[in-house]
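A.B. asks: Turn this into a structure:
(one chain, ligands or ions: 1)
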Amino acid sequence: MSDFIGTKLTMNLGERSYDIILKNGALENLYQFARLDRKVAVVTDSGVPAEYAQRVADQCRESTIITVPQGEASKSFKILETVLRQMLEFNMGRGDLVVAVGGGVVGDLAGFAAASYLRGIRFIQVPTTLLAAVDSSVGGKTAIDLPAGKNLAGAFCQPSLVLCDTDTLNSLPLDIFRDGCAEVIKYGVLYDPKLFAHLEEKGLAFDREAVITRCVELKRDVVMEDEFDTGARMKLNLGHTVGHGVEAKSHFAISHGKAVAIGMAIVSRASACADTPRIVALLEQFGLPTRTDYSADDLFTYTLSDKKRSGGTVNLIIPCAIGDCVIVPTKVESLKSFIQAGL
Ligand code: GLY
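C.D. replies: Predicted structure coming up:
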């Protein structure tokens with residue numbers, strides 16, 4: 001375990017403001033940060049150590065633990081309905097609370113269940129993967145997938161607290177930790193040459209407290225600037241538009257982090273960014289893939305079903321240099337040749 005001590009950041013969004021707490025051992029202390037004297041549905045998945053949800057439940061006056069199967073397939077109408085039914089059977093009212101304990105799938109699903117149950121009840125994100133800690137738990141995007149693509153039904157709904165027990169990140173299997181590293185590298189490419197250089201120097205032994213805090217700060221700042229994803233926040237999709245195509249084409253056998261790594265490498269090569277060799281080398285240093293066997297045709301088809309499409313254009317995020325990326329509206333007709341150039 002590292003000696004991560006703790007950080008509190010505040011997401012300032014007027015009446016939707018909330019704290020983001022990063023602290024070792026925080027799971028035991030949720031009661032210090034949240035009112036748990038009401039019905040609490042703790043939503044988790046079968047891949048998350050069961051004791052995490054139990055530790056949350058033990059602090060609540062009245063709780064139920066809802067465990068969904070691990071994997072992207074749980075972001076479906078069927079599983080959403082199961083969660084909502086269990087919340088109803090537990091007689092939850094408008095003043096009650098959902099706590100999402102897990103990675104991105106659990107956070108997105110439980111968040112959308114909370115956003116839609118009785119037209120919306122409060123929820124807390126307790127991310128237990130690096131990917132969820134630095135990205136998906138912060139910023140209020142909740143969603144399920146439709147057969148045509150990822151995150152096609154959902155809501156912007158901010159949590160009332162994000163509490164990350166950094167001990168949970170320290171005990172992640174390396175492969176899952178690597179997935180989160182793809183998002184960490186993304187922040188370096190987007191905004192922060194010093195963060196990028198630190199990752200190059202230290203590799204997987206990067207300073208966890210400083211790096212995780214920096215990524216969450218960057219995410220917090222961009223969400224405060226553009227909560228509803230109509231401008232600056234779109235840059236967080238670096239590598240995601242093509243990456244979602246890779247994920248979907250693989251039927252989610254390729255994880256989100258690895259697909260984003262491939263997506264970042266493809267857009268970097270296709271845009272002929274001078275820093276492409278450093279970006280690709282850093283992804284490889286972290287054991288992340290940077291190539292795919294899928295054809296430009298396949299990726300084009302699956303990429304088009306991604307929601308980042310607007311009419312006849314797709315907003316691609318293009319690196320100009322490390323720390324400097326731009327949003328480039330790209331005509332659908334040019335997308336296939338762009339992807340081809342990056343393969
Ligand atoms: N994960 C990208 C965003 O929150 O906008």
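A.B. asks: Just give the closest residue to the residue nearest the centre of the chain, not the sequence neighbours.
C.D. replies: A centroid search over the chain (C-alpha atoms, centre = their mean) returns residue 136, at 2.6 Å, as the residue closest to the centre. Computed as C-beta to C-beta, 6 or more residues apart in numbering, the closest residue to residue 136 that is not its neighbour in sequence is residue 104, at 4.0 Å. Using the backbone N, CA and C atoms, a C-beta is placed for each residue, glycine as well.
A.B. asks: The one you found is in contact with residue 134, isn't it?
C.D. replies: No - the pair residue 104 / residue 134 is not scored as a contact, 10.6 Å apart, by C-beta atoms under 8 Å.
A.B. asks: Does residue 289 touch residue 258 like I think?
C.D. replies: Yes - counting by C-beta under 8 Å, residue 258 is a contact partner of residue 289 at 5.4 Å.
A.B. asks: neighbour-wise, which of those two wins?
C.D. replies: Comparing residue 289 with residue 258 by neighbour count (other C-beta atoms under 10 Å), the higher total belongs to residue 258, at 24 against 16.
A.B. asks: and this structure, which of its residues are near the ligand?
C.D. replies: By C-beta under 6 Å from any ligand atom, the part of the chain that sits against the ligand consists of 135-136, 139, 141, 229, 233, 236.
A.B. asks: Surely residue 125 is within a strand?
C.D. replies: Yes - secondary structure assignment places residue 125 in a strand (DSSP: H, G, I helix; E, B strand; the rest coil).
A.B. asks: Got phi/psi on the closest residue to it other than its chain neighbours?
C.D. replies: Ranked by C-beta to C-beta, 6+ apart and with sequence neighbours excluded, the top spatial neighbour of residue 125 is residue 137, at 3.9 Å. Main-chain dihedrals, residue 137, degrees, to the nearest 10: phi -80, psi -20.
A.B. asks: Give me the neighbour count for residue 137.
C.D. replies: Residue 137 has 31 neighbours, counted by other C-beta under 10 Å.
A.B. asks: who touches the closest residue to the ligand within the stretch 1-150 of the chain in this structure?
C.D. replies: For the stretch 1-150 of the chain and the ligand, the shortest gap (C-beta to the nearest ligand atom) falls at residue 139, measuring 4.3 Å. Contact criterion C-beta atoms under 8 Å, 6 or more residues apart in numbering gives 11, 158, 219, 223, 227, 233 as the residues in contact with residue 139.
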